[in-house]
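**Q** what would the 3D arrangement of this be:
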Amino acid sequence: MTPDAEGIAAAAKAAGKGKGLPPVHLWNPPFCGDLDIRIARDGSWHYLGTPFTRFELVKLFASILILENGKYFLVTPVEKVGITVEDAPFVAVDFDVAGQGRDQVITFTTNVGDTTAAGAMHPIRVERDSSTGEPSPYVMVRAGLEARIDRKSFYRLAELGEHHQDWFGVWSAGEFFPLIASAELDAG
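**A** Numbers count the residues shown, from 1 in each chain. As a prediction, this is how the structure comes out:
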């Protein structure tokens with residue numbers, strides 16, 4: 001049987017009836033092929049080229065998303081299908097800050113409603129485009145799945161920044177996350 005989005009959704013609903021995220025780390029179903037599902041860089045989901053219009057379906061699929069050996073899959077107890085992710089599967093669209101300075105905790109909210117507090121298990125990292133120098137910031141959400149931090153949130157994050165050991169960055173949960181080398185910031 002060829003996998004389809006409706007079948008995956010039905011299996012995910014049946015498997016995820018408990019509280020919290022489904023236990024995808026416990027499931028080891030056979031690979032059933034790839035589905036024409038794509039998560040665009042802006043965090044929108046598309047099936048057969050058409051954007052998903054139901055947030056509940058996006059949230060359901062996001063709850064069964066895994067990353068294995070650099071490839072993304074939707075997994076249920078009985079099947080695993082490959083999907084395409086253009087950048088990161090989630091977008092951090094906002095954050096809250098509790099505390100100040102080195103004691104502050106930055107908690108991000110993603111486009112699918114997940115929250116994650118940046119810290120040792122959920123680091124913030126910044127990649128720079130080799131040709132333009134444009135930063136692309138990310139935060140680890142869960143099990144290897146990252147959220148790209150959107151532009152407005154990154155600017156707000158930079159407002160919290162300070163210099164530490166030749167880097168400009170932010171503190172969260174006792175960890176320092178470098179955003180840019182202090183020398184680059186001073187030269188710009």
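**Q** so who does Asp36 touch?
**A** Each residue near Asp36 by C-beta atoms under 8 Å, 6 or more residues apart in numbering is listed here: 47-49. Backbone N, C-alpha and C define where each C-beta goes, glycine included.
**Q** buried ones only from these, please, as a PyMOL command.
**A** Entered in PyMOL, the line below selects the buried ones among the contacts of Asp36, by 16 or more other C-beta atoms under 10 Å:
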select buried, resi 47
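**Q** closest to Glu68 among the contacts of Asp36?
**A** For the contacts of Asp36, the minimum distance to Glu68 (C-beta to C-beta) is 21.3 Å, reached by Tyr47.
**Q** and Asp94, how many neighbours?
**A** 15 (other C-beta atoms under 10 Å).
**Q** partner strands of the helix or strand harbouring it, with direction?
**A** Here Asp94 sits within strand 90-98, counting by DSSP states H and E. Paired neighbours of strand 90-98 in the sheet (DSSP bridges): strand 105-110 (antiparallel), strand 145-149 (parallel).
**Q** what are the buried residues along the helix or strand just after the longest one?
**A** Next helix or strand after strand 105-110 toward the C-terminus (DSSP H and E): strand 115-117. In terms of neighbour count (16+ other C-beta under 10 Å), strand 115-117 has its buried residues at 116-117.
**Q** then stretch 87-94?
**A** 88-93.
**Q** sorry, back to before: out of the contacts of Asp36, which is nearest to Ala143?
**A** Tyr47 (23.2 Å).
**Q** partners of that closest one in the sheet?
**A** According to DSSP bridges, beta-bridge pairing links Tyr47 with Ile37, Thr50.
**Q** what's near enough to touch it?
**A** Counted by C-beta under 8 Å, 6+ apart, Tyr47 has contacts 5, 35-37.
**Q** so how far is Ile39 from it?
**A** 11 Å (C-beta to C-beta, to the nearest Å).
**Q** helix, strand or coil for Ile61?
**A** No, residue 61 isn't Ile; it's Phe. helix (DSSP: H, G, I helix; E, B strand; the rest coil).
**Q** beta partners of the residue lying closest to it once chain neighbours are set aside?
**A** In space, and not counting its chain neighbours, Phe61 is closest to Leu74: 5.9 Å by C-beta to C-beta, 6 or more residues apart in numbering. Beta-bridge partners for Leu74, by DSSP bridges, are Leu65, Val81.
**Q** how about Ser136?
**A** Under the criterion used (DSSP bridges), Ser136 bridges to Glu127.
**Q** who's in contact with it?
**A** Ser136 neighbours (C-beta under 8 Å, 6+ apart): 87, 126-129, 148.
**Q** cool, and Leu157?
**A** By C-beta under 8 Å, 6+ apart, the contact set of Leu157 is 95, 106, 124, 137, 149, 170, 179.
**Q** can you confirm it is in a strand?
**A** No. If the criterion is three-state DSSP, then Leu157 is helix and not within a strand.
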